[in-house]
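Visitor: Pasting the sequence and the predicted coordinates here, then a few questions.
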Amino acid sequence: MTSPASFAESALDALVRENVERVHEKISACGRDVSSVRVVGVTKTFEARAVVAAAKAGLHDVGENYLDELAKKRSECESVAVRWQYLGALQSRRIARIAEVSDHIASVSRLKEVHVLGELAQAPSIYLQVDYTGMTQRNGVSPEDLGELLREAKDAGLDVRGLMTVAAPDAAQAMASFVALRKAVDEFGLAECSMGMSDDFELALRAGSTEIRLGRSIFGPRLL
C-alpha cells in the first residue's frame, strides 16, 4: 500500500520532471541549445525532498539563499549528486562557513568579501554579482566598480567563473541589464553569464545567458 509520504514524493517527482521538460522547451524556443544552458533549481523554502526530485529530473545544480537552510539540506541529501550554490548576500563573519558547505558562491560583490575568501585555505568558485538597478536594497557591485573587484578577486587567487545579476521587474530594464552583463562577461573574457529567474529567464536566454536560476518554474508555488 502506498503511504501518504511516498505518494507526495511521487507527485513532486512528476511535477518537477514535467516542469524541467517545459523549461527545456522554452530554452529551445528561444533559439538556444538546451545543453548550452545550466538550469539551477532554487530550493529556497522547499524541503530536502525537492533536491532529490530535482536530481531525478536531471538537474545537477541547486541554489540556496540562506546558509542554515543550505547546510541542513546538504546534510540531509549527502547521497544526492548535485552541486550546491550559495545565492544570498554575504556576511563577512559567515563567509568561512558558507565556503565549507558550498561548491560555488554566486553573490560576491564587495572587496571585503573577496579578501576574506582569499584568506581561506580553499575557497569555492565564485561569480561576481553586478547590480544594474541602482536600488539600495539590491546586492551587487556597480558596473563602474566591477573591473576593480574582478582584478582584486583574481589577485587573491579566486576562481572567478563569471558574472551574475538579478534584474529589475520591468521587462525593458531587465533586458537592458541582461545585455549589459553579457557584454561585460565577453569583455572580461569570462566563461559564465548567470542571469534570468522564473519571471524573466526567456529574456535572459535571448540575451545570451549560460545559466538560469529557477524556483517557481521548477518546483511550483512555494506552498509545497
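Guide: Cool, got the structure.
Visitor: Confirm that M175 sits in a helix.
Guide: Yes: the assignment for M175 (DSSP: H, G, I helix; E, B strand; the rest coil) places it in a helix.
Visitor: tell me, how many neighbours does it end up with?
Guide: 17 (other Cβ atoms under 10 Å). Yep, even glycine has a C-beta here, placed from its N, CA and C like the rest.
Visitor: now swap in the one 5 residues further on and tell me
Guide: Residue neighbour count, defined by other Cβ under 10 Å, stands at 17 for A180.
Visitor: I'd say it and P143 touch.
Guide: Yes: under the criterion of Cβ atoms under 8 Å, A180 makes contact with P143 at 6.8 Å.
Visitor: Need the residues touching each of these two.
Guide: Y132 (Cβ atoms under 8 Å, 6 or more residues apart in numbering).
Visitor: Give the buried residues for the lowest-mean-pLDDT helix or strand in the chain.
Guide: In the chain, no helix or strand scores lower on mean pLDDT, DSSP states H and E than helix 4-29, which sits at a mean of 86. Neighbour-count burial for helix 4-29, counted by 16 or more other Cβ atoms under 10 Å, picks out 12-13, 15-17, 19-20, 23, 27.
Visitor: And for stretch 181-192?
Guide: Quick answer for stretch 181-192 (16+ other Cβ under 10 Å): 181-182, 184-185, 188, 190, 192.
Visitor: Tell me the span between the first and last residue of that stretch.
Guide: Length of stretch 181-192, first residue to last, Cα to Cα, to the nearest Å: 10 Å.
Visitor: first vs last residue of stretch 154-161, how far apart are they?
Guide: Using Cα to Cα, the two ends of stretch 154-161 sit 11 Å apart.
Visitor: Contacts for it, please.
Guide: Contacts of stretch 154-161 (Cβ under 8 Å, 6+ apart): 104, 114-115, 117-118, 123-128, 150, 153, 190-192.
Visitor: The protein: strands as residue ranges?
Guide: 38-42, 61-64, 83-86, 104-108, 125-129, 160-164, 192-194, 211-214 (DSSP state E).
Visitor: tell me the contacts of the nearest residue to K26 once chain neighbours are set aside?
Guide: Using Cβ to Cβ, 6 or more residues apart in numbering and skipping residues adjacent in sequence, the residue nearest K26 is E202, 5.9 Å away. Listed by Cβ under 8 Å, 6+ apart, the contact partners of E202 are 26, 29-30, 196.
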